[in-house]
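Q: I would like to see how this sequence folds:
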Amino acid sequence: MHEGYTSYVDTDLVTAIQVASSLDLVLLMLDTLHTELICLGGHIVAQRFAHKAASVSKCIRILNGLLTALNDDEPTPLMHHLGQLYDYCIYRLNLASLNQDTGMVDEVRGLMATLRQG
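A: Numbering: from 1, shown residues only. Reported below is the predicted structural model:
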């Protein structure tokens with residue numbers, strides 16, 4: 001039964017991505033990042049090191065995707081600052097993983113939540 005549900009969710013996600021605008025995709029990435037940051041904090045607290053490593057990797061892949069989504073053809077100061085913010089978040093997540101620090105994860109989650117609200 002779990003397999004059928006996963007297939008349904010995957011199909012729903014693919015459909016949503018196919019019809020989404022660029023803004024919708026960025027919002028989807030930010031929402032996914034938010035969820036994964038919550039999981040990451042839980043993995044750190046529970047000392048589930050393999051899960052933590054996978055979660056950190058997923059968060060960094062999402063942030064790299066957000067970096068890639070910035071339009072380099074027409075750079076603006078906003079895009080430059082967003083790029084710096086994403087780089088900073090990647091740096092903090094790497095430190096959080098190394099130091100087992102949920103405070104740094106919460107910091108990144110707060111920054112991304114503020115960005116998501118804007």
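Q: hey, where'd the helices end up in this structure?
A: With DSSP state H as the criterion, the chain has helices at 2-19, 22-46, 49-69, 77-99, 102-117.
Q: pLDDT wise, what is the residue sitting nearest the centre point of the chain at?
A: The centre of the chain sits closest to Leu33, judged by Cα atoms, centre = their mean, with a distance of 2.6 Å. pLDDT for Leu33: 97.
Q: now it. Nearest residue, chain neighbours left out?
A: Nearest non-adjacent residue to Leu33, counting by Cβ to Cβ, 6 or more residues apart in numbering: Ile62, 4.6 Å away. All C-beta atoms are positioned from the backbone trio N, CA, C, and that covers glycine.
Q: how many neighbours does that neighbour have?
A: Residues lying near Ile62 (other Cβ atoms under 10 Å) number 21.
Q: likewise for Arg116?
A: Arg116 - counted by other Cβ under 10 Å - has 14 other residues nearby.
Q: do Val45 as well
A: Counted with other Cβ under 10 Å, Val45 comes out at 12.
Q: cool, Met29 as well?
A: There are 18 residues near Met29, going by other Cβ under 10 Å.
Q: picking that back up, please report how far the residue nearest to Leu33 lies from Gln47.
A: From Ile62 across to Gln47, the span is 23 Å (Cβ to Cβ, to the nearest Å).
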